[in-house]
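**Student:** got a structure for you, letters missing:
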């Protein structure tokens, strides 16, 4: 089913497990076992709810169309007696409450899935993993990374926290906006939308090293964010084409940015389908992943509530992060 067939009245049928869990060959059995034990028992309940939500949504859409048509006709008749330049905005304004009313059953369903299912998915990676829609990272700590662009407002969303091989991991979606004046009004313009990944290290870095998207080395060099940091030249042309590196400690920067690490960084960017930057500072590695869509969202409401896609996708993303920890040996207590 798709949006068109849904609106045209296609029958809404329950959908059950499809067996489409995916992962590395050696872990598929583990994924399947965990899925059957912790996720599958909830699927029937949520699938029934999904079907009920879709039926409610369709009924609300049909009702909204009829009511809106009556209201719009009334407004048009009134406007014919007393023409108004605001007629278009009145038509648009009438739509807004209907949109919120129609979307309410779906938003409730999605919120419940995140509250019940997502914590169970993340506990696959360890009993100490938590998922929250209210927890946030420390904004002051993020600022000290020198990665954040200038902004006026910051909004956090889905938060994940846990450990892998003793290394603390925190993941938080972040949306940064800046106020821009256009004519006589002020608009919000997005300067960053994506995911912040903070990895705690068992060793404090001597210097401060940042890896940023290449905007031309001269442009990055002039940035006020990188004052007191010097440019680091690397020998990997593929990496240098995409990134500029600045550090307060040249020797440490080259030690950190091995060929293996750079390959992992490029692979991580591909996995998240977005642009990536990172910073080594204090006792942590902060990875900044820009992407246009939210990471921890449900699949299409028109697909069954099996949660196989969500489980598989989150697993792929987390495995890339775990690989970064292992490549950097962040779990070791030895100094640099």
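**Tutor:** Received, thanks. Predicted model, so just to flag it, every value in this text is computed and none were measured.
**Student:** contacts only, for the closest residue in space to residue 164 that isn't next to it in sequence.
**Tutor:** Once flanking residues are discounted, residue 164 sits nearest to residue 322: 5.0 Å by CB to CB, 6 or more residues apart in numbering. Where you see a C-beta, it was placed from the backbone N, CA and C, and this is true even at glycine. Neighbouring residues of residue 322 by CB atoms under 8 Å, 6 or more residues apart in numbering: 125, 164-165.
**Student:** residue 322 and residue 46: what is the separation?
**Tutor:** Distance of residue 322 to residue 46, computed by CB to CB, to the nearest Å: 28 Å.
**Student:** residue 91 against residue 75, yeah?
**Tutor:** Yes: counting by CB atoms under 8 Å, residue 91 does reach residue 75; the two are 7.1 Å apart.
**Student:** one step back: just name the closest of the contacts of residue 322 to residue 80, please.
**Tutor:** Nearest to residue 80 among these is residue 125, at 63.3 Å by CB to CB.
**Student:** and the closest one, how many neighbours?
**Tutor:** Neighbourhood size, residue 125 [other CB atoms under 10 Å]: 19.
**Student:** which residue is the nearest non-sequential neighbour of it?
**Tutor:** residue 318 (5.6 Å).
**Student:** and residue 189, by the same measure?
**Tutor:** The nearest residue in space to residue 189 (CB to CB, 6+ apart) is residue 180, at 4.7 Å.
**Student:** using the three-state scheme, assign the one you found.
**Tutor:** strand (DSSP: H, G, I helix; E, B strand; the rest coil).
**Student:** also residue 162?
**Tutor:** Going by three-state DSSP: residue 162 is strand.
**Student:** low-confidence stretches in the chain?
**Tutor:** Counting by pLDDT under 70, the chain contains low-confidence residues at 17, 19, 82-84, 215-225, 269-274, 328, 330-336.
**Student:** wasn't the residue nearest to residue 164 part of a helix?
**Tutor:** Yes: counting by three-state DSSP, residue 322 is located in a helix.
**Student:** so where do the helices sit in the stretch 201-336 of the chain?
**Tutor:** 217-222, 237-242, 250-256, 259-271, 308-328 (DSSP state H, counting those that start in this stretch).
**Student:** how much does the fourth one deviate in direction from helix 308-328?
**Tutor:** Read that as helix 259-271. Angle of helix 259-271 versus helix 308-328, following axes from the mean of the first three to the mean of the last three CA atoms, to 10 degrees, is 160 degrees.
**Student:** what helices or strands is helix 259-271 leaning on?
**Tutor:** For helix 259-271, the helices and strands in contact under the criterion 3 or more CB pairs under 8 Å, 6 or more residues apart in numbering; DSSP states H and E are helix 237-242, strand 275-281, strand 284-290, helix 308-328.
**Student:** for the closest residue to residue 132 other than its chain neighbours, what is the enclosing helix or strand?
**Tutor:** Spatially, and ignoring its direct neighbours in sequence, residue 132 is nearest to residue 159 (4.7 Å; CB to CB, 6+ apart). When elements are assigned from DSSP states H and E, residue 159 belongs to strand 153-164.
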